[in-house]
Structure formats: structure tokens, C-alpha cells
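In: My questions concern the predicted model and sequence given below.
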Amino acid sequence: AELTFLADQATCVAAAATPPTVSAPTLFYLPHCPQTVYGAVLDANPDLANVVVLGNSFDSYATRSLDLDPRIARVLPVLREVVVCSPTARTDTDVDRAFNDTAVVTFAAAPAR
């Protein structure tokens, strides 16, 4: 239903294994995804100027992950993040557990390769 609604709004909906390379500001709605999904978006869009991610906090991944995806590690210096759901403010419901550490992630510049 959500994909149909977005398509009806003239929104590009990509539900593919390989994320698109974008040339206009694009929201990647990726809540509760594994690091590899975010890494694939970063690989497909090396300049990152048009990438906006609504998903897990990259800063939180860096803080708590013993096995941080190197593609996420590479963009940390140019990361701009606004936390939407703080893990300290949750009420411990199923929704809170699923969406804790949700953030809007943008990038100040292209990272060094």
C-alpha cells in the first residue's frame, strides 16, 4: 500500500536489491536495516550530495558496533545526523525497540576514498 501511495504521488520508488545512483535530492527510507544495506547506498552514490537517509543512526553504529561496515566508517567524518528517536526516551514497546536510534542522515561533502 505504501509503495502504491508513493508511486501515485509521482515519487520514484526503488524496491531493488541494488540502490539507484541519484542525481537529485533523494530520501532513502531504510528504517531498521542492516549495515550492508546502507553500505550499498553509499557505494551507489559516491558523491553523496543528493543522499538523505532516514534509518539507523550511523553514529550509533560507530559507537556500539564491533564490526562496523567500512563504507559507513568512511563517511563518518562528513556525516550530519539528526536523531529522530532517541534510545534514552523510549518506553520499551515493540515499536520503540524496532525504531530506536532512528536518524535523518545527510553528508557535508564527499568522503575521501
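Out: Looks like it arrived, so ask away. Numbers count the residues shown, from 1 in each chain.
In: Can you list the neighbours in contact with the longest helix that the chain contains?
Out: Among all segments of the chain classified by DSSP state H, the helix with the greatest residue count is helix 35-44. Helix 35-44 has contacts (C-beta atoms under 8 Å, 6 or more residues apart in numbering) with 18-21, 28, 30, 48, 51, 53, 55-56, 58, 61, 65, 68-72, 74-75. Placement of C-beta: from N, CA and C, glycine included.
In: contacting residues around the closest residue to residue 45 other than its chain neighbours?
Out: If the residues on either side of it in the chain are set aside, residue 45 comes closest to residue 51, at 5.0 Å by C-beta to C-beta, 6 or more residues apart in numbering. By C-beta under 8 Å, 6+ apart, residue 51 lies in contact with 22, 26, 28, 41, 42, 45, 106, 107.
In: for residue 18, same thing?
Out: Here residue 18 is in contact with 40, 44 (C-beta under 8 Å, 6+ apart).
In: Then the one 3 residues further on?
Out: Taking C-beta under 8 Å, 6+ apart as the criterion, residue 21 is in contact with 44, 45.
In: so which helix or strand takes in residue 103?
Out: For residue 103, the enclosing helix or strand under DSSP states H and E is strand 102-107.
In: on contacts alone, who are the packing partners of that strand?
Out: Under the contact criterion of 3 or more C-beta pairs under 8 Å, 6 or more residues apart in numbering; DSSP states H and E, strand 102-107 touches strand 51-56, helix 58-64, strand 79-83.
In: any idea of the angle that strand forms with strand 51-56?
Out: 150 degrees (axes from the mean of the first three to the mean of the last three C-alpha atoms, to 10 degrees).
In: buried residues in strand 102-107?
Out: Applying a neighbour-count criterion of 16 or more other C-beta atoms under 10 Å, one finds 102, 103, 105, 106, 107 buried in strand 102-107.
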